[in-house]
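Peer 1: Here is a sequence with its predicted model. Questions after.
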Amino acid sequence: MGDNAIRMVRGTTRKLRLHVTETLEDGTSQDFDLTDCTVHFRAKDKVEDEEPALIVKSSAQASEIEVYAAAEGKAWIKLVPADTQGLEAKQYRYDVWVVTLADERHSVFEDSLTIVAGVTVLP
């Protein structure tokens, strides 16, 4: 699993902390200011899959992604039971993007999302 891999039980709630930084020309990093930006989370069966994403989240809806410290590049991504309840227990791919007010698109990262069945099936 990668550094940003997610493993969760199908049909449960998960709150993921996001801290976006950018690398400067001198190799140092600094917080990416998320003021006036939209943060996106998408999960698919596989990267090259042409089908629509299975999970779609956006900070345009604060109930999905909450930017709580914009100048520091910090946000919460909220996965709720309905996001994963109907998914097969297996590994998926997800990515996180930031779109600025000037329509610049920044890929933050991509990694695996593993859904496990769990022992208890919650209604």
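Peer 2: Yep, that arrived. Note that this is a predicted model, so its numbers are computed, not measured.

Peer 1: Residue 98: neighbouring residues, count only.
Peer 2: 23 (other CB atoms under 10 Å). Yep, even glycine has a C-beta here, placed from its N, CA and C like the rest.

Peer 1: Tell me if I am right that it is in a helix.
Peer 2: No: secondary structure of residue 98 (DSSP: H, G, I helix; E, B strand; the rest coil): strand, not part of a helix.

Peer 1: Show me the residue at the heart of the chain, geometrically.
Peer 2: Centroid check for the chain by CA atoms, centre = their mean gives residue 41 as the closest residue, at 3.7 Å.

Peer 1: Ramachandran angles for the closest residue to that residue other than its chain neighbours?
Peer 2: Nearest in space to residue 41, with sequence neighbours left out and distances taken as CB to CB, 6 or more residues apart in numbering, is residue 57 at 4.0 Å. Backbone torsions for residue 57, taken as degrees, to the nearest 10, come to phi -130, psi 150.

Peer 1: Measure how buried residue 57 is and give me the count.
Peer 2: Residue 57, neighbours per other CB under 10 Å, totals 23.

Peer 1: just checking, it touches residue 66?
Peer 2: No: between residue 57 and residue 66 there is no contact under CB atoms under 8 Å: 10.5 Å.

Peer 1: Over to residue 119. Which of the three states is it?
Peer 2: Three-state call for residue 119 (three-state DSSP): coil.

Peer 1: and it, what does it touch?
Peer 2: Listed by CB atoms under 8 Å, 6 or more residues apart in numbering, residue 119 has no contact partners.

Peer 1: gap between it and residue 92?
Peer 2: According to CB to CB, to the nearest Å, residue 119 and residue 92 sit 21 Å apart.

Peer 1: same check, this time on residue 108
Peer 2: 17 Å.

Peer 1: Check residue 71 too.
Peer 2: In terms of CB to CB, residue 71 sits 32 Å off from residue 92.

Peer 1: Helices of the protein, start to end?
Peer 2: 81-84 (DSSP state H).
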